[in-house]
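predicted model and sequence below, questions to follow.
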Amino acid sequence: MMTIRRANERGHADHGWLNSYHTFSFANYYDPNWMGFRTLRVINDDTVAAGAGFGEHPHRDMEIISYVLAGALEHKDSMGNGRVIKPGEFQYMAAGTGVVHSEYNPSKQDPVHFLQIWIQPDKTGTKPAYGEKAYSSATPGRLNLVASPSGRDGSIRLNQDAELWLAKFSDSEKLTHELKPDRHAWVHVAEGSVELNGQKLSAGDGAAISKETKLQLAGSGKAQVLLFDLN
């Protein structure tokens, strides 16, 4: 069973410095039918104007992932991390017992476009942690493991039974992801358009998949897809 969430159905907030689309209920946007999917709680599609950003603010007990699509994002946190994240790079924070961070666009002229993702952890009160993975040169037509509960194959280790995969397409590449029994998936198209099990999805579209055993993705040009394999 597949339920498609179209990009134009998402919540939207335009603050001038921040233009944000919410796949799930977030801040002042509330839809009881879209409170998240399984342990996936937030996918915000954010564009931040030059020289603007999110000032210091706290989080706790949440797995937070950012993926930069265009521009640059400057990160600082109370764990002592300071880094500029560029296109194709993932940033991860396990907020745990509490972390304070800021995210700014360091450019004086170009916006930054990125995805902000929250996953609910399987335990609370853990030690805060930070991680990064770069996929700017990932080969098209492959599934790249970004995060997993065990941190296998060099992936970021999540405090949840969830996997995050990245797939890039440059033309008509095809790939398959198999779901184990009682597993679910969320597919989010970050850029371009693809076909998922025969259904066309475009940038910003998402799809919830349950009671399926196989996901088949086909590209039709340059595209990027995030695939969440969830319990």
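Yep, it's here. The structure displayed is predicted, hence computed values, not measured ones. Numbers count the residues shown, from 1 in each chain.

name the helices or strands packed onto the helix or strand where I43 lies?
With elements taken from DSSP states H and E, the one containing I43 is strand 40-48. Here strand 40-48 touches strand 18-22, strand 112-119, going by 3 or more CB pairs under 8 Å, 6 or more residues apart in numbering; DSSP states H and E. The C-beta positions use only the backbone N, C-alpha and C, and glycine is treated the same way.

start to end distance for stretch 56-75?
10 Å (CA to CA, to the nearest Å).

any idea how far the strand holding I43 is from the chain center?
7 Å (CA atoms, centre = their mean, to the nearest Å).

okay if I get the helices and strands packed on strand 40-48 as CSV plus mean neighbour count, mean pLDDT and distance to A94?
Below are these laid out as CSV (neighbours: other CB atoms under 10 Å; pLDDT from 0 to 100; distance: least, CB to CB, whole Å):
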stretch, mean neighbour count, mean pLDDT, distance to A94
strand 18-22, 19, 98, 22
strand 112-119, 23, 98, 10
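
could these go into TSV alongside distance to K222?
Listed next are those as TSV, based on distance: least, CB to CB, whole Å:
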stretch	distance to K222
strand 18-22	20
strand 112-119	15
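
right, and the ones you listed - which one's nearest G204?
Nearest of the helices and strands packed on strand 40-48 to G204, taken as CB to CB: strand 18-22 at 6.4 Å.

and the angle for the closest one with strand 40-48?
Interaxial angle of strand 18-22 relative to strand 40-48 (axes from the mean of the first three to the mean of the last three CA atoms, to 10 degrees): 150 degrees.

what bridges to G131?
Counting by DSSP bridges, G131 forms beta bridges with Y92.

what's the strand or helix carrying N144 packed up against?
If you go by DSSP H and E, N144 is part of strand 143-148. For strand 143-148, the elements it packs on are strand 89-94, strand 156-157, strand 162-169, judged by 3+ CB pairs under 8 Å, 6+ apart.

ok, that strand: who's next to it in the sheet?
As assigned by DSSP bridges, strand 143-148 forms pairs with strand 156-157 (parallel), strand 162-169 (antiparallel).

show me what the next helix or strand after the last one packs onto, helices and strands only.
So that's strand 162-169. As assigned by DSSP H and E, the chain's next helix or strand after strand 162-169 is strand 174-178. Contact here means 3+ CB pairs under 8 Å, 6+ apart; on that basis strand 174-178 packs against strand 214-219.

just checking: what are the partner strands of the very next helix or strand once past the strand it packs on?
Next helix or strand after strand 214-219 toward the C-terminus (DSSP H and E): strand 223-230. In the sheet, strand 223-230 lines up against strand 162-169 (antiparallel), strand 184-191 (antiparallel) (DSSP bridges).

export these as CSV, with columns for mean neighbour count and distance to M62.
Listed next are these as CSV, based on neighbours: other CB atoms under 10 Å; distance: least, CB to CB, whole Å:
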stretch, mean neighbour count, distance to M62
strand 162-169, 24, 13
strand 184-191, 22, 17
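
of the ones you listed, which is nearest H113?
Using CB to CB, those put strand 184-191 closest to H113, at 9.3 Å.

for the helix or strand following that closest one, which outside residues touch it?
Sequence-wise, the next helix or strand downstream of strand 184-191 (DSSP H and E) is strand 193-196. If you take CB atoms under 8 Å, 6 or more residues apart in numbering as the criterion, strand 193-196 is touched by 2, 169, 187, 200-203, 207, 215-221, 223, 225.
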